[in-house]
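Visitor: Fold the following, please.
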Amino acid sequence: MTMKTVDGTNALDCPVLTDPTKQNEVYSYLENLKKDNAGWRRSVENIVGNLIRNHEEHFLLLQVVEDYLRKRYSQATIEEIEIIRTFLRNWMQKLASGTFVPSFLINKMGHIFSIVFSVDFPLRWPRFMQEVFLERGFPHQSNVHFYLKTLISIDQEVVDRDIERSKELFDRNTKIKDAMRELCIKDCAESWWQILENPNLSADHSLVFDVVAAYIDWIDLELVATERFVPLLIKGLSNNESSEAAVRAVEGLVQKGMPAQKKLSLTSALLEVIKSNSLIEVKEDSDEDDLDRIGNLIALIGHQLIIVNSQIEKEGGTTAEAIHALTLVRQLIPIALRLLNDENPEISEIVIDFLRVYVMLIRSSAEQEHVATMAQIVNTALRRYTMPSELNPDGEGEDEIHFHDYRKQLRQLINPIGTKRVQLVVEPIEQMVSQVLLAGTASNIRLVESVVQLVYALSEMIPSTFTQQTKEKDVWLVRATQLPLALLQAIPLDGRSAQVHIQYFENACRYEKIVGTSPDKIVPIVTEAFLDERGVSFPNEKVRTRVVYLFVRFVKAQKQALNPLVSQIVPRIAPLLAPGSTGLSEDDQGFLFEVTATLIIFGNLEPAQKRQFLEELATTIASRFQQGLVELAATRARRDKAATEQMMQSLSAIVTHASRLSKAFSKEVTMVAHSCSDLFMKLLTLFLEALSPTNVFLLESVRQLTHRLVVCIEQEMLVLLPSVLGKLGECSQDLDSMQHLLILCHQIVSKHGKAVLKSGVDFGMILTNAARFSADPETQSKLPQDEANKRALLYCQRAFGQFLYSVVSSETLTDLAPGAASDMIVEAARQLSFLADSAVQKACIMSLSKCAVLSVTQNGGRWFEIGIRTILEVPALPHISSTDASSQLVVHECSIGLLAMRAAATPQFDTIVAGLMPEEMNRNLHTLLTTMKGRDLDKSLIAFYAPLKQQQQ
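Guide: Reported below is the predicted structural model:
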């Protein structure tokens, strides 16, 4: 069976297997061997005859055998079955001889044994377990180890619920489990006990417990929960080598489905034995393994007892039994609190879920013991919230990431307490804040960091509505509002932790409404911090970048309170806008341009002053841009690629600064009202003059600025449209840029409507070209047929649909594209209505229905029948499904369109529909359209087409 590669080497030699240049040949050889009906047989013969040279070759041949077992073994002849059984016996003999076998081969063979078992048992080999393992005994420890590994593989093959299986396999596996209960599981359980009793097999005791954990869910509880087995389980818990696996076995036992009364009996008995063996007793010399075991045991047992407490009376149990379950839980709480307070987060987090479930049980109780317990839980969780000394508050390593996840769990533990008993959370945090503020710069930086994080997370631990409370509401919610104010007013920001500085400003933005209740006191303090070395001048770049962004949010939220301070703030920001002199990136400076403009526009300044300040900012941007163009030309002349790339990025950023400057304006706060439209139009003109195919890198930033100006400038913008769209069109050479150009056209037409007819821009030509490449297969065939281009084309089709809808809605289609051009556009919309993309379909259906309605009065109804026919065909498309949310949205647009067209010309509509479908269908559709609307009509329309779609299939 030796196979040679093209250079004459053996295909399965070890060097070949590790040679990347030969691996394709090895893979091809194995695939051919799997397809060969005799390939598996030759593989078995080589393995049984020991004709293999290394473990790697052995493993590869096992893959061939596994493929046969998976695909063809169920139809094997008697001879083939015997070959496989001989193969299994050979393996067991090899193990018995003590021959070394690597773990990857043991695992692979365990998997192969499990496949044979799942096919042969019970019909072809009812005594598989006895004949292969149990009756032969275990002549060598390797046989024991392999037996247990095989049992785990059988569980994965037959039982594991995490693996999706077909109904056929599910039914097969159910029969296997039923047969195992009847034919072999008792013998298996006996063998587990024998292995655990044998001290010479202690290395495999953990595997026994893993088998029990896997099987207990579906075997009789009495096979394991016995006087013989439980002491061995307890012994396993006491042994560090097997403790972890023994805990998993306990987990399987207590989580097994059973009546609440039976579970109470089992769990309380287990707990008693565990306690009597001091297995959940925390001692001074308890090491990490001990604490891990204790935490897992009390969390498992405590959680199950809580479930019993909630279910037992519903299942016919007594109140006394429910109380007994809760009493047992209470006994575990002091231990859980001790572990929660452990300095090792990995130990502490073990009991968090258990305590959270317990809190949910008692949080509404007025019992003093319960209130005291909840207070202790909160205080312990807050204490543990402070980062250990070995971690760095500004660190981003694996340990720091894990600690932040641990903090999230602590917040989730506190939340059910805080939502019911605000005082228990707010009061200790008040004390922590006071401690930090009193100590000032002498505070432990880790405590400071935990306090600013806790205050920021208040809304995750108490009702988030506390930000809206007043003095007449809950007193503790009102006191909670004072925490961020106290922190913002006096917490020391001394540069020891970058995270503390960032979180300080995060708090100022998160609690903007609370800050707004005391603006005169807090806003100046926070603004000062933003502007000095604590904020935008902080030495850490990451802090500066985040703070600048937060400054924008803060200024926009507190712009009214900042009115009196504008004349002081703007001069302090001005130096930060100078190029390359502040340590801020160009993106950071863009945010500062936005801040400055916002302060100017909303400040207590005279209109002339506002105009003057904005003109200075615009002039600064223009000057930097012009200087940048000179430098770009110089770098290109020197053929300095790195410098040229840097200058292109810088110039794009400068254009973006202009966009940021415009963010102070909106639909409500327009540039016209502040007499500064011309400033931005001059900037746009400057940028357009520089935009060309050579400087196409400016395209994106110039287009973004244009979008902003369309929003903020009124009719004055129309005069610039020919040059804007001309330049953008000249530089839009790919599908992505064309898509964005169409979106811009959609925005312009949506805002200005029929006024675009006098703009000097041929929107009709743009729309016609968009229709052609969106719907014409011949045009599309000329495009590269890769996935990226297909996706870009889809986005273009969506943009065309949006653009068309804005044109149709403004009733300008026939003006922009008269005669045959508009017919071609409508035809493109008709074709795209059938595309399997809901966004395209919706836009085109909306456009078609509107065209149909308008055509009734404007062009003799020539699009009316097209609209009706198309929209009636859409719900019958194969991709339209009642279970698909996007399909439902498309059908909803169809419903709206049909109703609108029928309302526009009812007799004509009914006549057209009658000619398109059989009489009965027409009658049923008429009933739907005249008696239903909204979602009821949508659902009925989908149901209306269901029989037709079934016939098409």
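
Visitor: Surely residue 798 and residue 839 touch.
Guide: Yes. The criterion here is Cβ atoms under 8 Å, and residue 798 meets it with residue 839 at 4.8 Å. Every residue, glycine included, has its C-beta placed from N, CA and C.

Visitor: Have a look at the two and say which one is more surrounded.
Guide: Between residue 798 and residue 839, residue 798 has the larger neighbour count (other Cβ atoms under 10 Å), namely 24 against 18.

Visitor: what are the ranges of the strands in this structure?
Guide: Under the criterion DSSP state E, the chain carries no strands.

Visitor: Quick check: which ranges of it have low pLDDT?
Guide: Along the chain, the parts satisfying pLDDT under 70 run over 1-22, 469-472, 581-582, 859, 952-953.

Visitor: can you point me to the longest helix in it?
Guide: Longest helix of the chain, by residue count under DSSP state H: helix 607-638.

Visitor: how about it: buried residues?
Guide: Under the neighbour-count criterion of 16 or more other Cβ atoms under 10 Å, helix 607-638 has 610-611, 613-614, 617-618, 620-622, 624-625, 628-629, 631-632, 635 buried.

Visitor: Stretch 363-370 now?
Guide: For stretch 363-370, a neighbour-count test (16+ other Cβ under 10 Å) marks 363, 370 as buried.

Visitor: contact partners of it?
Guide: Outside of stretch 363-370, the residues within contact range by Cβ atoms under 8 Å, 6 or more residues apart in numbering are 362, 371, 374, 416-417, 420-421.

Visitor: let's see 6 Å
Guide: Applying Cβ atoms under 6 Å, 6 or more residues apart in numbering, the contact partners of stretch 363-370 are 362, 416-417, 420.

Visitor: Now render those residues as TSV, adding distance to residue 514 and neighbour count.
Guide: Below are these laid out as TSV (distance: Cβ to Cβ, whole Å; neighbours: other Cβ atoms under 10 Å):
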residue	distance to residue 514	neighbour count
362	31	20
416	24	21
417	22	25
420	22	17
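
Visitor: Quick check: the gap between the nearest residue to residue 564 once chain neighbours are set aside and residue 512.
Guide: Residue nearest to residue 564 in three dimensions, not counting chain neighbours: residue 604, with 6.5 Å by Cβ to Cβ, 6 or more residues apart in numbering. As for residue 604, its distance to residue 512 is 21 Å (criterion: Cβ to Cβ, to the nearest Å).

Visitor: ditto for residue 208
Guide: 60 Å.

Visitor: Between the two, point out the one with more neighbours.
Guide: Taking neighbours as other Cβ under 10 Å, residue 208 and residue 512 compare with residue 208 leading, 27 against 16.

Visitor: what's the burial count for residue 381?
Guide: When neighbours are defined as other Cβ under 10 Å, residue 381 has 25 of them.

Visitor: tell me the contacts of the closest residue in space to residue 663 that isn't next to it in sequence?
Guide: Excluding the flanking residues, the one nearest residue 663 by Cβ to Cβ, 6+ apart is residue 594, at 4.6 Å. Residue 594 makes contact with 552, 660, 663 under the criterion Cβ under 6 Å, 6+ apart.

Visitor: Go again with 8 Å.
Guide: 552, 660-661, 663-664.

Visitor: That one and residue 311, how far apart?
Guide: Using Cβ to Cβ, residue 594 is found at 58 Å from residue 311.

Visitor: Let me know how buried the spatially closest residue to residue 851 that is not a sequence neighbour is, in neighbour terms.
Guide: Distances taken as Cβ to Cβ, 6+ apart place residue 863 nearest to residue 851, at 4.7 Å, with adjacent residues excluded. Residue 863: 27 surrounding residues under other Cβ under 10 Å.

Visitor: Quickly note the distance from residue 863 to residue 814.
Guide: To residue 814, residue 863 is 10 Å away according to Cβ to Cβ.

Visitor: still on that earlier bit, mark which of the contacts of stretch 363-370 are part of helices, please.
Guide: Among the contacts of stretch 363-370, the residues falling in helices (DSSP H) are 362, 416-417.

Visitor: Would you format those residues as TSV with distance to residue 116 included?
Guide: Below are those laid out as TSV (distance: Cβ to Cβ, whole Å):
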residue	distance to residue 116
362	53
416	51
417	55
